[in-house]
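In: Structure for the following, please:
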Amino acid sequence: MSNVKKIPMRQCVGCREMKSKKELIRVIKTDDEGVIIDLTGKKNGRGAYICPNADCLRKAITTKGLERSFKAPVEKEVYDNLEKELKNIEAG
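Out: Residues are numbered from 1 along each chain as shown. Below is the predicted model of the structure:
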């Protein structure tokens, strides 16, 4: 038997495509901090994943993908932070 390591797959809340966890940005909802971006991927909280591109973010906003994942409203500030983060990733 070969020891093939299984790659964890997650679904983007924007485009709804299954991709490996490393390709996506994790957004979490915590009790104390609310909805934040988790760049480490290791913080505790309910997680949702989004592709690191502006198209998926726009789709997630229009389809309310994050709200559906967290079963709670998401503030505009969270989307603004995500947008800034995506610009940093695309630039650098």
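In: Of all the helices and strands in this structure, which has the lowest average confidence?
Out: helix 76-91 (a mean of 83; mean pLDDT, DSSP states H and E).
In: what's around residue 27, how many residues?
Out: When neighbours are defined as other C-beta atoms under 10 Å, residue 27 has 27 of them. Just so you know, the C-beta spots here come from the backbone N, C-alpha and C atoms, and that holds for glycine as well.
In: so what's it bridging to?
Out: For residue 27, the beta-bridge partners are residue 37, residue 48 (DSSP bridges).
In: Could you report the separation of it from residue 60?
Out: Distance of residue 27 to residue 60, given as C-beta to C-beta, to the nearest Å: 9 Å.
In: Dihedrals phi and psi, residue 44?
Out: phi -80, psi 140 (degrees, to the nearest 10).
In: Now do the shared contacts for residue 27 and residue 60.
Out: The contact sets of residue 27 and residue 60 overlap at 50, 66 (C-beta atoms under 8 Å, 6 or more residues apart in numbering).
In: ok so, going back, elements contacting the least confident helix or strand of the chain?
Out: strand 25-30, strand 34-38, helix 54-63 (3 or more C-beta pairs under 8 Å, 6 or more residues apart in numbering; DSSP states H and E).
In: Please consider this matter closed, and thank you.
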